[in-house]
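Enquirer: Predicted structure and sequence below. I'll ask about it afterward.
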Amino acid sequence: MPELWTLDVVSAMICMSSIVKLLAALALVFTVVGCSTPRLDPGWAGHWEYEEIARIKSPDSAVEALLFTGDAGATTATTSFLYTVPTGGRIDPKKATKNSACFVADHVKNLNLVWKNSRLIEIQYEEARISHFRNDWCHRDVQNFHFVVELRLAPTSSEFSLPVGDRIW
């Protein structure tokens, strides 16, 4: 009989080991999903509403910077989206596959957009948690992709620009 009992203990230990591995894998998946940036695919958080906050023309009037904010209600942070478009261009933030924001951030404090010249826009902010940033933009309708606008991040704080709530856990 002792051999049978030993076999049962070994089987139970193997089974427990498998369960622990499965739970660890599930914990990892939930951690990764929980840490993902919903601003890039906000559809999972519910019905998002967007509002155009500002439309700022470049000095030569060839391009406009469009600033939108969006959220899905009380359980989501307000997110800022910056798009560049040919003057008069329209953006539908709900069609993420067609329109790509150059800058996406939440927990933004004192955001200011400044055209330094016709091909350089500076994104000034005191604090922000930036989930997406692209520093160049061009479009077929503006000199057939030969007119390139550079976007530059310019935090105004001499210390941290990531909000304290996003730095400390």
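Expert: Arrived safely, thanks for sending.

Enquirer: give me the element the residue nearest the centre of the chain is part of.
Expert: Residue closest to the average C-alpha location in the chain (CA atoms, centre = their mean): S131, at 3.2 Å. Element membership for S131 (DSSP states H and E) is strand 127-133.

Enquirer: Show residues contacting that strand.
Expert: Outside of strand 127-133, the residues within contact range by CB atoms under 8 Å, 6 or more residues apart in numbering are 37, 39-40, 80, 101-111, 151, 153, 155, 157, 160-163, 166. All C-beta atoms are positioned from the backbone trio N, CA, C, and that covers glycine.

Enquirer: Same check on stretch 112-123?
Expert: For stretch 112-123, contacts defined as CB under 8 Å, 6+ apart pick out 54, 56-60, 62-63, 65, 67, 82, 84, 103, 111, 124-125, 147-154.

Enquirer: repeat for stretch 140-156
Expert: With contact meaning CB under 8 Å, 6+ apart, stretch 140-156 is reached by 58, 62-63, 82, 84, 86, 89, 102-103, 110, 116, 119-128, 130, 133-139, 161.

Enquirer: Buried subset of those, written for PyMOL?
Expert: Filtering the contacts of stretch 140-156 down to the buried ones (16 or more other CB atoms under 10 Å) takes a single PyMOL command:
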select buried, resi 58+62+63+82+84+89+102+103+119+121+123+125+127+128+130+137+139+161
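
Enquirer: how many neighbours does R140 have?
Expert: Neighbour count for R140, taken as other CB atoms under 10 Å: 8.

Enquirer: what does the one 10 residues further on give?
Expert: Burial measure for E150: 13 neighbouring residues, criterion other CB under 10 Å.

Enquirer: Quick check: mean pLDDT of the one helix or strand it maps to?
Expert: Taking DSSP H and E as the definition, E150 sits inside strand 149-155. Average pLDDT, strand 149-155: 98.

Enquirer: Show me which parts of that strand are buried, residue by residue.
Expert: Buried residues in strand 149-155, counting neighbours by 16+ other CB under 10 Å, are found at 149, 151, 155.

Enquirer: that older thread, which of the contacts of strand 127-133 fall in helices?
Expert: Using DSSP state H, the subset of those located in helices is D166.
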